[in-house]
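**Q** After the sequence you'll find the predicted model.
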Amino acid sequence: MTSLRLFFDPLAPAGLWLGGAFFLLLLLLPYWGGSYVMTVATTVFYLALIGQSWNLMLGFAGLLSIGHALFVGIGAYTAAYLFAAIGLPPIVGVLPAVGLAVLMGLLIGYLGFRFAIGGVYFALLTIAFAEFVRVMIDHASWLGATEGFFLKVTEADRHSVDLVNLRGTPEMYYYLIMALALGALVLCRYLLHSRLGYYWQAIRDDAEAADALGVDVLRYKMYAVAISAGMAGVAGVFYAFYQNSLFPEIVFNIERSIEATLGSIVGGVGTLFGPIFGTFILTPLGEIVTEAIDLLKHWQVIDPETRLDGLKLLIWGFIVVLIVLFKPRGLWPWVCGRLRLIRTEAES
Amino acid sequence: MSDKMKDMKTSSASRRTVLVGAGAGAVAAAVPLRRGLAASRIKVGILLPRSGPQAQTGIDCQRGADIAPDVLRAMGYPELEYMLGDTETKVDIARAQAEKLIDAGAHVIVGAFDSGQTMAAAQVCEQRNIPLVVNIAAVPKLTELGYKWVFRSFPTGPMIVGDAFRNQKKLFGMNGATPKSVALLHVNDTFGTSLAGALFALTPKFKMPYKIVEKISYDPYGRDFSAEVRKVKAAKPEALWAVSRLNDAIAITKELVRQRVDLMGILSTGPGWYEDAYLKATGKYGNDVINLAPWIDFKKEMARKMRDAFRNKFPGRNMNTNHGYTFDAMLIVADAFKRAGSTRNTDLQTALQTTNITNNTTIGEGIKFNKKGQVPHVPCAAVQNRDGKPLVVLPEYAAVAKPTWPMRPWTKR
């Protein structure tokens, strides 16, 4: 309850009302949105969860990772394998999955921080490990290698709601990922305002000064990597049981890692709501561009016979560039300021 | 207004409806009823990667779908109305687009070229009880997981690999020239590593007359292949077996010519070496390459009709496996709809299960699914590049030319 109180405290009345209305809208989405909208929203929450975990590393502790797909992949493969091989339900399998992701995070972190590899070099280390694990799984026949790893789904599974085995309807997956993303948000809010969070921010702003003040920089950086990897591992477990098929080239692809960063960059690195807000802007934006193109064709502004495949990605990329250029701190701080969603210090 | 324009209007309006969410729940609830009505046309959602890294191949597959409605109508099949979904070469987008197409009223989904994206679409189709007719995807598990709504006429990976060996043996036997040593050159991405690994491992099992004397991998984004070709030259193989993509295939050919690496033959499994861009870029040096791949049988009436329509719509382009298998997927849908007489999902499913098409466009006896939704044996071909065109040289019943083997030296072309 303390973390919930902490969570709502900084919100201004406008923020509470808008946030509440938006939450209600999302809560009722399966009833008004249809399958497609729900699938997009599921993807948004999934990306928001990974974005939140990535933001914890860069935004809170100043550690740049471009290999976050690694932790997602490890979580996904571990839980899926344990389920397929010995029938371990994912509600239990999530523990070893997160454990392995954390171990991998600690290994990378130790190698990086112990030998003072920082900044972009640390980012390169994360990419290298993601590639290394991908190549290993490419050759691991017991994990399906390049042919992919599959989870069996029966007809009954598709129409049940089985949270223990993560088998069920799209609505179940939607509410689950929504809960996980919101849980990650509350956790991050709690961490950010804990002693740990203040240490991280001190390290982020000036690691040498933090060290001089007695902060154990290595240890707290390791905590950041471990918690971030663990959160990404949870996202991986969800991914495995939602998709039911895992291909190393897809799961560990660097594009997946970059995707995890985009929401946070657009929303606002280091902010709490930034990753969620960013993904809620980016993913639907792509869909809106597609619809806009269809409308222009429908109104014959564009010849309906014209194929504009890929134009969406161009426009989408252009808008992202504009956001990064003109709102380098991200959209969330700007929106908050304009709509007075957060209390100012004087109001608090 | 053309039929296609009408189609696009329909699809656009439906999707907008879905996006704004107005009454989407009611639409979803009404879908089973709507599917129960007898209809004169069927809505096909075509799901392909038309942007992103696989865009070129996705767009190429689309060409096969583009010509299908007119050709099939002329052959007495019912009207096909299609809607497009772009996967952007991403699994999660493939899933969302499959949902979108179904929400927009698609009775059947066709796609999605790539195994991962097809798997994602299969999940949706199983959940929504909508048939998925696969155009191209070779992962065996797709039809091994007990899916009831997935149907595939494309060969699985093991079928492609097995036939690659069998066709080589026939090729060597026909011409009395058998290489004793082969170098395996492959791109080191997932596709290339997996396929090359299988070829390497299965060579002894198939009792091939040669030894693989060198296995060379290279980066998919490589531009300079002089070192790799030098390695090939040093190994002195009599033939080269390549697993490549397009740009690397072009660069490797140019390097083989530059370094004067004369071989008994170049064998290729996978894309690249038969594609139009390859044939144009390499000119006479692209000739004589043997591609071991699933292919079109131009001796079949349907394939010839498809070719005529293709030449009209896309003059100057060669046809390849992307067109044939995507066209066949549309044919499977049209045939099932014709026999079912309705667009009800269960009627279509039953009709698909009893498919028996002999006049299709691709090599083999025809299309007849087993209980898993897979055509049990889909033969592959040996296709040789001749004067800038890929021509079937094996199997004999589908061959339109005799193979040139050994291939001509680079200097005598």
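**A** The structure has been received and is ready for your questions. Residues are numbered from 1 along each chain as shown, chains lettered A, B, ... in the order given.
**Q** How about the contacts made by the closest residue to residue B:296 other than its chain neighbours?
**A** Distances taken as Cβ to Cβ, 6 or more residues apart in numbering or on different chains place residue B:324 nearest to residue B:296, at 3.8 Å, with adjacent residues excluded. Yep, even glycine has a C-beta here, placed from its N, CA and C like the rest. With contact set as Cβ atoms under 8 Å, 6 or more residues apart in numbering or on different chains, residue B:324 has these partners: B:64, B:294-296, B:303, B:306, B:361-362.
**Q** Mind checking which of the residues you listed are buried?
**A** The neighbour count (16 or more other Cβ atoms under 10 Å in any protein chain shown) marks B:64, B:294-296, B:303, B:306, B:361-362 as buried among these.
**Q** give me phi/psi at residue B:385?
**A** phi -80, psi 120 (degrees, to the nearest 10).
**Q** Tell me if I'm right that it and residue B:285 touch.
**A** No - using Cβ atoms under 8 Å, residue B:385 makes no contact with residue B:285, being 9.8 Å away.
**Q** Compute the first-to-last residue distance for stretch A:296-315.
**A** 15 Å (Cα to Cα, to the nearest Å).
**Q** Now do that stretch: distance to the chain's middle.
**A** 31 Å (Cα atoms, centre = their mean, to the nearest Å).
**Q** swap in stretch B:91-111?
**A** On Cα atoms, centre = their mean, the centre of stretch B:91-111 falls 20 Å from that of its chain.
**Q** hmm, that stretch touching chain A?
**A** Yes - using Cβ under 8 Å from any Cβ of the partner chain, stretch B:91-111 reaches chain A at B:91-92, B:95-96, B:99-100, B:102-103.
**Q** Mind putting these into a markdown table with pLDDT, neighbour count and secondary structure?
**A** As requested, the residues of stretch B:91-111 next to chain A are arranged in a markdown table below (pLDDT from 0 to 100; neighbours: other Cβ atoms under 10 Å in any protein chain shown; DSSP: H, G, I helix; E, B strand; the rest coil):
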| residue | pLDDT | neighbour count | secondary structure |
| --- | --- | --- | --- |
| B:91 | 88 | 27 | helix |
| B:92 | 86 | 24 | helix |
| B:95 | 92 | 27 | helix |
| B:96 | 89 | 28 | helix |
| B:99 | 92 | 26 | helix |
| B:100 | 91 | 29 | helix |
| B:102 | 93 | 28 | helix |
| B:103 | 90 | 25 | helix |
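**Q** Tell me which two of those residues sit farthest apart.
**A** Spanning the widest gap among the residues of stretch B:91-111 next to chain A are B:91 and B:103, at 19.0 Å by Cβ to Cβ.
**Q** So which residues of chain B form helices?
**A** B:3-20, B:24-36, B:55-74, B:91-103, B:115-128, B:157-175, B:190-202, B:226-235, B:246-258, B:276-282, B:301-313, B:321-340, B:345-353 (DSSP state H).
**Q** Of all the ones you listed, which one is nearest residue B:147?
**A** Of these, nearest to residue B:147 by Cβ to Cβ is helix B:115-128, at 5.5 Å.
**Q** now, among the residues of stretch B:91-111 next to chain A, which is nearest to residue B:197?
**A** residue B:91 (23.0 Å).
**Q** Can you tell me how far the closest one is from residue A:102?
**A** The gap separating residue B:91 from residue A:102 is 26 Å, by Cβ to Cβ, to the nearest Å.
**Q** Pull up the residues of the stretch 101-250 of chain A that are close to chain B.
**A** A:138, A:145-148, A:150, A:152-155, A:158, A:169-170, A:243-245, A:247-250.
**Q** Give me the subset of those lying in helices.
**A** Those of these lying in helices (DSSP H): A:138, A:155, A:158, A:170, A:243, A:248-250.
**Q** Mind picking the two most distant members of the residues you listed?
**A** A:138 and A:155 (32.2 Å).
**Q** higher neighbour count, those two?
**A** residue A:138 (22 against 12; other Cβ atoms under 10 Å in any protein chain shown).
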